[in-house]
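# predicted model and sequence follow; I will ask about them next.
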Amino acid sequence: MKKIVYFAIGLLLIGLTGTIVTFPKADTLKAFGLFQEDKETAPEQDGSRNAPDRDRQATPNDPDGIIEDFQTDLMEGTTDMVGGILDNVSEIVDDAVSRDSTDDPDNAKSRRISLSENLAAQGIRNIVIDTAASDVKLTASAASDIEAKLTGKVRSGIKDNELTPLLNKEGDTLYIQTEREKKDGKSFRADLALTVTIPAAQSFEKLSISTVSGDIETSNLEMKQAIKLETTNGEITLDRAKAAKIELNSGNGSIEASALKGEIAASSVNGDLDLGLQTVDLAGDITAESIHGDIDIVLKKNQPLSLEFTTVGGEAEVNVPDMDFSRRTDQGIAGKVGSGKYSVKAATTTGDFTLE
């Protein structure tokens, strides 16, 4: 790309120079409005024209002297101008090429990667996964090690050691990190997916997965204390999980969870919440919040619960047998089933709410 631009500028410069040199002299002055031929006063051409050019002083009616001085000044100015243009074009091309190769991982200068790291799971009780712009998938297997595998497409200039997942064990906590920032502060702008595999037979206390821009998907999880999944821009999918507390947060994206056992807290600024709990007994309170999104909760029948729903501009539909309503207004609903042991609190700003 650079060579093409430079070649075009070079042709422009050659053409401009050739035009100045070969253009008829008197016509050149006329074209620029610097000379008008005076037939009565114009000196006759004689042997004096053979004197060296450096000894002749241009006069107002000396077209050749004016032309030569004009050509010299014009050439110097043109050279400076083109030099400046080339410098600016070089900067523009460099910037364009850099953006082209960095911002678009699907261009011809990208490459596919598959990088993995393993670590013995013995002694690890907590897992913290932190990534900037990768989808994250966590699964359980019969293996005894913890494996982090990064796959996808990145621009070719990035080295493998800049992308290989970092597995750092501190005490009984394992930290998994990917997509480290470059020294110039720029990210890799890549299309990546991180898959983490943990031993199904091992007992863990806490799991935390966080990504800025990416989806989170996991299933068949059991943690003694807590499961926390959060993404700034992405969707969360969780199927069959058990923990004392399960927390799901998405800034811009939907949340879909099913068969969860434990205290549940789910929130989204701009996205729907879908909690399918019809196959499990309640094992903790439920809190669901969405500003611009609907909330749908499906429960197993005959669950003892107390309901509190509030909204600014949304609608509510509650189809729960034996629900004893204490309040039903445009701003919310309150009710109770049985002993009301477990609290179900939901709130929306513009979204609708469904409980069944």
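Now that the structure is in, tell me what you want to look at. Everything numeric in this text was worked out from a predicted model, so none of it was measured.
# any idea how many residues pack against the residue nearest to Asp322 when sequence neighbours are not counted?
Of all residues not flanking Asp322 in the chain, Val337 sits nearest, at 5.5 Å (Cβ to Cβ, 6 or more residues apart in numbering). C-betas here are computed from N, CA, C, even on glycine. Number of residues near Val337 (other Cβ atoms under 10 Å) recorded here: 21.
# and Val337, what pLDDT?
Among the per-residue scores, Val337 holds a pLDDT of 96.
# hmm, Lys300 and it touching each other?
No: here Val337 does not reach Lys300: they are 11.6 Å apart, not a contact under Cβ atoms under 8 Å.
# hey, what's Ile333 bridged with?
Here Ile333 sits in beta bridges with Phe309, Arg328, as judged by DSSP bridges.
# count of residues packed around it?
Burial measure for Ile333: 22 neighbouring residues, criterion other Cβ under 10 Å.
# quick one: the nearest residue to Glu356 once chain neighbours are set aside from Val269, how far?
Distance criterion Cβ to Cβ, 6+ apart; nearest residue to Glu356, sequence neighbours excluded, is Asn319 at 4.3 Å. According to Cβ to Cβ, to the nearest Å, Asn319 stands 27 Å off from Val269.
# who's more crowded, those two?
The residue with more neighbours, out of Asn319 and Val269, is Val269; 16 against 9, by other Cβ under 10 Å.
# got the buried residues for the helix or strand harbouring that one?
Under the criterion of DSSP states H and E, Val269 resides in strand 255-270. Going by neighbour count (16 or more other Cβ atoms under 10 Å), the buried part of strand 255-270 is 255-269.
# can you name the two of the residues you listed that are farthest apart?
Maximum pairwise distance in those, criterion Cβ to Cβ, is 26.4 Å, between Lys261 and Val269.
# burial count for Leu166?
Leu166 is surrounded by 12 other residues when neighbours are defined as other Cβ under 10 Å.
# check contacts around it.
117, 175-178, 180 (Cβ atoms under 8 Å, 6 or more residues apart in numbering).
# hey, what's it bridged with?
For Leu166, the beta-bridge assignment (DSSP bridges) gives partners Gln177.
# distance check, it against Ile176.
Distance of Leu166 to Ile176, computed by Cβ to Cβ: 7 Å.
# same check, this time on Arg155
23 Å.
# tell me which of the two has more neighbours.
Neighbour tally, Arg155 and Ile176, criterion other Cβ under 10 Å: the higher count belongs to Ile176, 22 against 19.
# which residue packs closest to that one, ignoring adjacent ones?
Counting by Cβ to Cβ, 6+ apart, the nearest residue to Ile176 once its immediate chain neighbours are dropped is Ile129, at 4.6 Å.
# so the one you found sits in a helix?
No: the assignment for Ile129 is strand, going by DSSP: H, G, I helix; E, B strand; the rest coil, so no helix is present there.
# give the bridge partners for it, please.
Beta bridges link Ile129 to Ile176, Ile209 when assigned by DSSP bridges.
# quick one: residues contacting it.
Listed by Cβ under 8 Å, 6+ apart, the contact partners of Ile129 are 136, 138, 176-177, 194, 196, 208-210.
# so what does the helix or strand that the strand holding Val269 is followed by touch, helix or strand wise?
As assigned by DSSP H and E, the chain's next helix or strand after strand 255-270 is strand 273-277. Helices and strands touching strand 273-277, by 3 or more Cβ pairs under 8 Å, 6 or more residues apart in numbering; DSSP states H and E, are strand 255-270, strand 286-290, strand 295-299.
# just the angle between the longest one and strand 286-290, please?
Compare the direction of strand 255-270 with that of strand 286-290 by axes from the mean of the first three to the mean of the last three Cα atoms, to 10 degrees and you get 50 degrees.
# pull up the pairing partners for strand 255-270, direction included.
Using DSSP bridges, the neighbouring strands of strand 255-270 in the sheet come out as strand 236-252 (parallel), strand 273-277 (parallel), strand 286-290 (parallel).
# so which bits of the second one are buried?
Taking 16+ other Cβ under 10 Å as the neighbour-count basis, strand 273-277 is seen to contain the buried residues 273-277.
# on that earlier part again, nearest to Ile227, of the buried residues of strand 255-270?
Gly262 (7.9 Å).
# how much space between that closest one and Leu248?
Taken as Cβ to Cβ, the spacing of Gly262 relative to Leu248 amounts to 12 Å.
# which of the contacts of Leu166 has the most neighbours?
For the contacts of Leu166, neighbours were counted using other Cβ under 10 Å, and Thr178 has the most, 24 neighbours in all.
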